[in-house]
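Trainee: sequence unknown, structure follows:
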């Protein structure tokens, strides 16, 4: 009896795994409204820590140079500069967005759409000059946002080939998520919308 239960369990797992491999992706759409949000949030956490460390370092250095403790007014001025830096970083964070959509047109063709935008306020907050802001906006306006590729499914892996290079995405067992990496540190997960 135990052998039969084990055999049934193994067969159920095997059929579930092969169901992912045999599932057609045609017509499916996967989307993420801001693929860089998690990375930007992590960088903001790092920046907050760095600013706190830098504050103490700046205080120690200034007190050593002056040969005395900093006054309340001097500490207040330092804190105001830190607050400005944090506000600038927050404006940049909130002003950057990279929306990604993957659509499987049929059993071999897919389209990847990426729409990157940076708000004028974010660029101003980052101290980018007027001329450079215009160049960045122009570059984003002419940057390709749609890429067509061929794909094959092997198990839970979706191997896409745009003719220049291959990339591998991973499909979750339930088919709700499509994950990948832009580089070693930058991972993303798109959610099925259709």
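Mentor: Done, it's in. Just so it is clear, the structure is predicted and the values come from calculations on it, not from any experiment. Numbers count the residues shown, from 1 in each chain.

Trainee: who's in contact with residue 150?
Mentor: By CB atoms under 8 Å, 6 or more residues apart in numbering, the residues touching residue 150 are 108-110, 160-162. Backbone N, C-alpha and C define where each C-beta goes, glycine included.

Trainee: for it, phi and psi?
Mentor: Backbone torsions of residue 150, given as degrees, to the nearest 10, read phi -90, psi 160.

Trainee: average pLDDT across the one helix or strand residue 102 maps to?
Mentor: Counting by DSSP states H and E, the element that carries residue 102 is strand 96-104. For strand 96-104, the mean pLDDT works out to 86.

Trainee: and what of stretch 170-180?
Mentor: According to the model, stretch 170-180 has a mean pLDDT of 90.

Trainee: okay, buried residues for that stretch please.
Mentor: Residues 171, 177-178, 180 are the ones in stretch 170-180 that count as buried (16 or more other CB atoms under 10 Å).

Trainee: now, which of those sits nearest residue 35?
Mentor: residue 180 (9.8 Å; CB to CB).

Trainee: gap between the nearest residue to the closest one once chain neighbours are set aside and residue 150?
Mentor: Residue nearest to residue 180 in three dimensions, not counting chain neighbours: residue 169, with 4.4 Å by CB to CB, 6 or more residues apart in numbering. Distance from residue 169 to residue 150, counting by CB to CB, to the nearest Å: 13 Å.
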